[in-house]
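*Asks:* sequence isn't available, so here's the structure alone:
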């Protein structure tokens, strides 16, 4: 029996809108993953600590505020400081196309905008972890 993929879904920054994060969290849970949702207004430090405590495989950051170029590098640095470079980080929300290459270069595994099919996110998580989806 395969270990369940553990995913931390987080809303960093001051953004108060979490409908999309909850939709993605539900889709991941329905796909058989174990999902931990941190809630709104999390600091990068809170997210990294939760990821460490929960021993997650994946972090999904939902950012609609435009602060992704400040928040994501801090989360990535904290993961590295905690020896968690193996954790795959995905970013969803409002991210201009010109910022995507910089996010990928800093180690983000995938970036998703509004309207992304949840099936694509599930597929990409399995691929990133090199795991065959349970049927």
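*Replies:* Thanks, I have the structure now. Predicted model only: the values in this text are computed from it and were never measured.

*Asks:* spell out which residues sit in contact with residue 100, please.
*Replies:* residue 111 (C-beta atoms under 8 Å, 6 or more residues apart in numbering). No exception for glycine: its C-beta is placed from N, CA and C like everyone else's.

*Asks:* continuing past the helix or strand it falls within, what's the next helix or strand?
*Replies:* Using DSSP states H and E, residue 100 falls within helix 100-105. Next along the chain after helix 100-105, taking DSSP H and E as the criterion, comes strand 110-112.

*Asks:* okay, which residue is most central for this structure?
*Replies:* residue 60 (1.1 Å; C-alpha atoms, centre = their mean).

*Asks:* pull the longest helix from this protein.
*Replies:* Longest helix in the chain, counting residues (DSSP state H): helix 68-81.

*Asks:* pLDDT averaged over the helix or strand following that one - what is it?
*Replies:* The first helix or strand that comes after helix 68-81 along the chain, using DSSP H and E, is strand 88-93. The pLDDT scores in strand 88-93 average 97.

*Asks:* what do you get for stretch 69-82?
*Replies:* 98.

*Asks:* and the contacts of stretch 36-54?
*Replies:* Here stretch 36-54 makes contact (C-beta under 8 Å, 6+ apart) with 6-16, 18, 21-22, 25, 56, 59, 61, 71, 74-75, 78-79, 81-82, 84, 87.
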